[in-house]
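# Need coordinates for the below:
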Amino acid sequence: MSAKKGILERLAEGIVIGDGGYVWQLEKRGYVKAGPWTPEASVEYPDAVKQLHREFLRAGSDVLQAFTFYASEDKLDNRGNQAAEKYTVRGINAASCKIAREVASEGNALILGGLSQTPSYLSGEPKASVQQEFKKQVDAFVENNVDFLLCEVCFIWLMFITNERFDKEEEIAVSSTFSIKRKFIFTLFNHICDLSFNTYISVL
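Here you go, the predicted structure:
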């Protein structure tokens with residue numbers, strides 16, 4: 001049996017169809033609490049999450065997202081949410097990856113681990129604190145062999161993701177969706193100009 005093609009190979013061959021909207025769909029079905037919007041349903045109601053994965057797979061998705069949106073530790077215990085204490089960030093992310101992998105194996109789908117903005121970033125916490133929140137999730141993704149990562153609804157926080165977890169031992173593709181705003185464009189432009197200028201100076 002030939003090895004399953006990865007995301008980069010599939011993109012090189014043509015269109016790749018993904019899924020999405022797990023939080024909204026599961027909230028409508030009564031498995032996600034509006035407000036926190038966190039994914040502990042992967043532990044509390046695994047069959048419901050599995051069913052939604054299967055619906056996306058049968059609808060033609062080539063990629064299944066593990067239900068990990070807002071599964072950072074600081075979000076799971078934010079504003080009275082007790083999911084982090086009950087299930088741990090590692091436990092929720094691992095359960096989500098396991099469910100997605102099980103359903104993906106029913107077809108020829110890949111699975112991804114999703115990272116989203118964290119309360120630490122939005123509250124202006126130091127870079128090291130934000131990186132630590134991401135690292136806890138990424139560790140779970142690597143341990144559960146996701147096929148690639150998705151950084152969801154990025155503004156500038158993409159630069160906070162540490163690459164320390166991915167050293168000589170691992171290689172993993174990373175994709176990103178962006179919410180483009182005027183402030184983002186100007187900040188990105190300035191960052192590129194600074195980078196280009198510094199590179200020019202170093203060459204001289």
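
# From here on, just use CA atoms for contacts and neighbour counts.
Fine.

# Where does pLDDT dip in this structure?
Residues of the chain that meet the criterion pLDDT under 70 lie in 1-2, 153-170, 178-204.

# run the last query once more with 80
For the chain, applying pLDDT under 80 flags the ranges 1-3, 79-80, 121-122, 153-171, 176-204.

# Quick one: the helices in the chain, in order.
Listed in chain order, the helices of the chain (DSSP state H) span 7-13, 22-28, 41-44, 46-58, 73-76, 83-87, 89-104, 119-122, 127-143, 182-203.

# Grab the most central residue of the chain for me.
Centroid-nearest residue in the chain: residue 114, 1.1 Å away (criterion: C-alpha atoms, centre = their mean).

# Would you mind naming the residues that bridge with the closest residue to that residue other than its chain neighbours?
Nearest non-adjacent residue to residue 114, counting by C-alpha to C-alpha, 6 or more residues apart in numbering: residue 150, 4.7 Å away. For residue 150, the beta-bridge partners under DSSP bridges are residue 114, residue 175.

# before we move on, back to that, tell me which of the helices of the chain lies nearest to residue 175.
Residue 175 sits nearest to helix 7-13 of all the helices of the chain, at 9.8 Å, using C-alpha to C-alpha.

# Which other helices and strands does the closest one contact?
For helix 7-13, the packing partners by 3 or more C-alpha pairs under 8 Å, 6 or more residues apart in numbering; DSSP states H and E come out as none at all, with no helix or strand in contact.

# If you count neighbours, what's buried in that helix?
The neighbour-count check on helix 7-13 (16 or more other C-alpha atoms under 10 Å) flags residue 7 as buried.

# Please enumerate residues in contact with it?
16, 110, 147, 148, 173 (C-alpha atoms under 8 Å, 6 or more residues apart in numbering).

# Then stretch 86-93?
The contact list for stretch 86-93 (C-alpha under 8 Å, 6+ apart) reads 39-40, 42-43, 66-68, 71-73, 76, 136-137, 140-141.

# Taking the residues you listed, please make a PyMOL selection of just the buried ones.
To isolate the buried members of the contacts of stretch 86-93 in PyMOL, using 16+ other C-alpha under 10 Å:
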select buried, resi 39+40+42+43+66+67+68+71+72+73+76+136+137+140+141
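
# Residue 129: neighbouring residues, count only.
14 (other C-alpha atoms under 10 Å).

# Not including adjacent chain positions, what is the nearest residue to it?
In this structure, residue 129 finds its nearest non-sequential neighbour in residue 120, 7.0 Å apart by C-alpha to C-alpha, 6+ apart.

# give me every residue that touches the one you found.
Taking C-alpha under 8 Å, 6+ apart as the contact definition, residue 120 lies against 74, 129, 130, 133.

# From these, list just the buried residues.
Buried by 16+ other C-alpha under 10 Å: 74, 130, 133, out of the contacts of residue 120.

# And for the first one, nearest residue in space, chain neighbours not counted?
When the adjacent residues along the chain are set aside, residue 74 lies closest to residue 119, with 6.3 Å between them (C-alpha to C-alpha, 6+ apart).
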